[in-house]
Every structure is written in structure tokens, then in C-alpha cells.
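Visitor: Just a sequence and a predicted model for now, questions to come.
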Amino acid sequence: MNSSQKKILVHIGLFLITLITTTLAGAEWQFNRFLGLEESPLTWPYFIKGLYFSLPFLVILTVHEFGHFFIARWHKVKVTLPYYLPLWFGFIGLPSIGTMGAFIRIKEYINTRTKYFDIGIAGPLAGFIVALAVLFYGFTHLPPPEYIYQIHPEYQEMGLAYADSVNQNSETSFRVGTTLLFEFFKDYVATDPGSIPNSYELIHYPWLFSGYLALFFTALNLIPIGQLDGGHILYGLFGSRLHRKISRALFILFVGYAGLGVVSAQEFFGQVVYEDSLDIGYKVPLYLGFLYITFSRISPSLKTNLLIVLGVFIAQILLTAVFPTFTGYEGWLVFGFILGRFLGIYHPQAFIDYPLSFKRKILGWLALIIFILCFSPTPFIM
């Protein structure tokens with residue numbers, strides 16, 4: 001067996017492991033059952049039903065990655081097959097989606113702006129098309145409302161108005177957010193609006209949940225910052241100089257929104273004290289330190305980075321003073337940290353930096369519209 005065959009076996013092996021872990025995760029989300037848990041064991045029949053989540057989700061993920069792959073090959077850029085990343089926490093009783101996604105590795109320098117653009121946009125567009133098909137099937141093949149009683153027998157006592165009681169206990173519940181596109185499917189595609197699940201129970205509907213996650217990851221990839229797919233598209237549309245300015249501004253706004261309410265004006269000025277919160281004397285310096293680490297690679301100038309940190313912090317305090325109920329989404333802070341410290345917010349300049357053709361510019365703006373349709377300010381709510 002030569003080295004090429006061994007590499008292919010690695011890709012196949014990672015895919016098969018990811019198929020298993022996402023199927024386990026799908027069964028966990030659908031039926032609240034975990035492998036090895038005696039009270040509610042995840043048995044073989046439940047595992048098989050987990051395929052209703054893993055197969056559509058992995059098809060979307062695979063089409064996304066092969067969109068990048070085939071366009072890279074079309075441009076004669078050396079690239080690997082997709083590496084799938086299994087990640088499953090069910091063995092300790094924690095929920096997960098069974099994977100961290102997948103990636104391809106570019107094995108040579110990309111020398112033109114057009115190649116960056118084409119390779120970057122191909123994956124999200126290809127995956128988005130399949131996600132639309134998955135959502136269409138999910139919303140046109142909804143089970144009857146009574147389906148939820150299979151997972152939550154206790155809801156039978158409340159009847160189909162169970163959602164009101166679930167909402168009242170939302171502090172202990174997990175629910176998904178929404179997007180403009182998801183709302184469109186609810187309003188105009190669902191064949192039986194009465195069967196659309198409550199946002200707390202959507203996790204038990206594998207086609208809808210996998211489709212929603214596909215929209216989430218599409219938006220995540222299309223964020224027009226750094227070297228994300230959206231960053232490649234931004235670079236293709238505007239070139240290196242404008243990309244640098246726009247990406248930096250969007251990154252600051254992104255982290256600024258995410259951290260709204262971490263330290264509110266009311267808390268900062270001692271008007272309220274949260275029982276489950278750190279003392280304000282510890283919380284403020286810790287948060288400012290986090291912001292500094294996140295923003296520390298924006299500029300080589302320490303002074304500039306410190307001014308950005310203070311500017312963001314002051315703006316957050318002022319906004320929460322004027323709009324006390326307006327808060328961000330702390331989950332985005334984690335992604336902002338990864339962008340700022342590891343992925344980077346700037347884009348390398350290609351040797352051949354000619355502007356895109358008109359048709360490519362149209363596609364680029366279409367991708368930015370898709371980002372808006374798929375993006376959720378609060379994708380997952382605890």
C-alpha cells in the first residue's frame with residue numbers, strides 16, 4: 001500500500017468515525033438518550049434513527065467541502081480531500097453534534113484574487129443549496145403535533161399547549177434561535193403550520209435541526225472577516241487594502257455586540273448586584289483582559305489596541321445604560337477570540353491582484369445576502 005492509498009484510508013476512516021459520532025449525537029438530541037446511561041439507554045434502534053440527523057447533516061457538510069475541493073482542482077491548486085473531525089461528548093452524558101466539521105488543506109500558494117474568491121465561495125454556495133433542500137423536505141414532511149409525546153410523555157397532560165409551560169421554565173431549557181430564512185420556511189413552506197415545533201423542541205426533529213445547523217455553519221463560514229470563506233469573498237470583492245479596513249471594523253463590531261451585557265452599566269455603577277456573578281472588582285479587569293487578548297493582533301501598536309479595548313468597553317457600558325435590555329450573545333465571544341488570536345482578521349495579498357469579473361461580483365454580493373439570511377444574532381439560547 002503506497003502513501004496515497006494510506007492517505008485516502010485516513011480520510012475514509014475519519015468520515016466513518018464522524019458518521020458514527022454524528023449518528024449517536026442525532027439519537028441523543030432526538031430521544032434524550034445517552035450511550036451507557038441506565039435510566040434512558042441509547043439502544044441500537046435509537047442509533048439507527050439517529051441517521052435521520054447525521055445523514056442530511058453530513059451530506060450538507062460534504063457538499064460544502066467538495067465545493068471547495070473541486071473548484072480548487074479546477075484552478076489546478078493542490079488540495080487534500082476533506083478531513084472530517086469527530087467530536088462526541090455523549091460518553092459523559094453531555095450533548096454535542098458529533099463533529100467539529102471538516103476542512104480541506106490547500107497545499108500551495110494561491111496566486112490570484114480570483115482563485116481565492118472562487119475557492120472560498122464554492123463551499124458555502126454548494127452547501128447552502130443542499131441545506132435548502134433539507135429544510136424544504138423537513139418543513140413539508142412534518143410529523144403530527146402529537147409526535148412530541150413520544151419524547152416527552154409528560155406533555156400529554158398539558159396537551160398541545162405544552163409550549164406555554166416549557167417557556168415558563170426556559171431557564172433550565174435549551175432552544176434554538178432563528179434566522180430570516182428559517183422564518184421564511186415556517187411562514188411560506190411548511191405544509192402544516194400547526195405541526196411546526198416549538199423552538200424548545202426543534203432538536204427532536206432531525207431534518208429541521210440538521211437544516212438549522214446547516215444555516216448556522218453557512219453563516220459562520222460566510223462572516224466577512226479574515227480568511228473565513230466570507231473573508232475570501234470580501235477580499236475578492238474589494239481587494240487587500242479595503243478588506244483590511246472592513247474586516248477590522250466588522251471584527252470590532254462583532255466582538256462589541258457579543259460582549260454587550262457581560263458588564264452592564266447597571267452592574268458597573270453598582271445599581272444591581274447579580275448573585276451568580278463575579279464581584280465587579282474582579283469582573284471588569286478580567287473582561288478587559290479578555291478583550292485585550294482578543295484585540296491584541298489588530299495592530300502592532302500597543303496604544304492602538306488599548307484604545308480599541310477601552311472604546312469597545314465604554315461603548316458597551318453606554319449602550320446598556322440607554323438600552324438596559326439590549327444584550328449580546330456571549331457564545332460569539334468564543335468565536336471572536338478564536339478569530340482574533342488564531343485565525344486572524346487579515347487576508348494575505350495575492351501576487352496577481354486583478355479585480356473580479358462582473359459575474360463574480362454578482363455572486364459575491366449574493367453570498368453576502370445569503371449570510372444575512374442565515375445569520376442569527378442568538379443561534380442557541382440556554
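Guide: Received, thanks. Numbers count the residues shown, from 1 in each chain.
Visitor: For the rest of this, base every contact and every neighbour count on C-alpha atoms.
Guide: Will do.
Visitor: if you skip the residues just before and after it, what's nearest to S299?
Guide: If the residues on either side of it in the chain are set aside, S299 comes closest to N305, at 6.3 Å by C-alpha to C-alpha, 6 or more residues apart in numbering.
Visitor: pretty sure the one you found is in a helix, no?
Guide: Yes. Judged by DSSP: H, G, I helix; E, B strand; the rest coil, N305 forms part of a helix.
Visitor: Poorly predicted segments of the stretch 1-150 of the chain, please.
Guide: Scanning the stretch 1-150 of the chain for pLDDT under 70 picks out 1.
Visitor: which residue ranges form the helices in it?
Guide: Assigned by DSSP state H, counting those that start in this stretch, the stretch 1-150 of the chain shows helices spanning 3-31, 44-49, 51-74, 113-140.
Visitor: Around the residue nearest to S299, how many other residues sit close by?
Guide: Applying other C-alpha atoms under 10 Å, we find 20 residues neighbouring N305.
Visitor: That one: what's it in contact with?
Guide: Listed by C-alpha atoms under 8 Å, 6 or more residues apart in numbering, the contact set of N305 reads 292, 295-299.
Visitor: Those into CSV, with extra columns for neighbour count?
Guide: Below are those laid out as CSV (neighbours: other C-alpha atoms under 10 Å):
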residue, neighbour count
Y292, 18
F295, 25
S296, 19
R297, 17
I298, 20
S299, 13
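Visitor: Wait, H347 touches G226, no?
Guide: Yes. Checked against C-alpha atoms under 8 Å, the pair H347 and G226 is within contact range at 5.5 Å.
Visitor: quick one: which of these two has more around it?
Guide: Between H347 and G226, counting by other C-alpha under 10 Å, G226 is the more crowded of the two (26 against 20).
Visitor: Distance of that one relative to F342?
Guide: With distances taken as C-alpha to C-alpha, to the nearest Å, G226 is found 11 Å from F342.
Visitor: Check T191 too.
Guide: The gap separating T191 from F342 is 44 Å, by C-alpha to C-alpha.
Visitor: ditto for S210
Guide: Going from S210 to F342 by C-alpha to C-alpha gives 28 Å.
Visitor: neighbour-wise, which of those two wins?
Guide: Taking other C-alpha under 10 Å, S210 and F342 do not tie; S210 has more neighbours (26 against 11).
Visitor: Provide a list of residues in contact with the more buried one.
Guide: Residues near S210 by C-alpha under 8 Å, 6+ apart: 53-54, 56-57, 134.
Visitor: Dump the helices of the stretch 1-150 of the chain into CSV; add distance to T325 and mean neighbour count as well.
Guide: Converted to CSV, those look like this (distance: least, C-alpha to C-alpha, whole Å; neighbours: other C-alpha atoms under 10 Å):
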stretch, distance to T325, mean neighbour count
helix 3-31, 31, 19
helix 44-49, 41, 15
helix 51-74, 35, 22
helix 113-140, 32, 22
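Visitor: Any idea which of those gets closest to I314?
Guide: For these, the distance to I314 is smallest for helix 113-140, at 35.6 Å, taking C-alpha to C-alpha.
Visitor: Report the angle between the closest one and helix 51-74.
Guide: 160 degrees (axes from the mean of the first three to the mean of the last three C-alpha atoms, to 10 degrees).
Visitor: Packing partners of helix 113-140?
Guide: When contacts are defined as 3 or more C-alpha pairs under 8 Å, 6 or more residues apart in numbering; DSSP states H and E, helix 113-140 packs onto helix 51-74, helix 180-188, helix 206-222, helix 229-258, helix 358-374.
Visitor: Can you tell me which of those helices is packed in deepest?
Guide: helix 206-222 (a mean of 24; mean count of other C-alpha atoms under 10 Å).
Visitor: and that one, how far out from the chain's middle?
Guide: Per C-alpha atoms, centre = their mean, to the nearest Å, the displacement of helix 206-222 from the mean C-alpha position of its chain is 7 Å.
Visitor: what does stretch 96-113 give?
Guide: With C-alpha atoms, centre = their mean, you get 16 Å for stretch 96-113.
Visitor: Stretch 237-245 now?
Guide: The chain centre lies 24 Å from the centre of stretch 237-245; the measure is C-alpha atoms, centre = their mean.
Visitor: Repeat that for stretch 300-315.
Guide: 27 Å.
Visitor: what comes up buried for it?
Guide: Neighbour counts over stretch 300-315 (16 or more other C-alpha atoms under 10 Å) mark 305-306, 308-309, 312-313 as buried.
Visitor: got a list of what G90 touches?
Guide: 24-25, 28, 34-35, 96.
Visitor: Tell me where the stretch 151-300 of the chain is predicted with low confidence.
Guide: Applying pLDDT under 70 to the stretch 151-300 of the chain flags residues 160, 163-172, 270-278.
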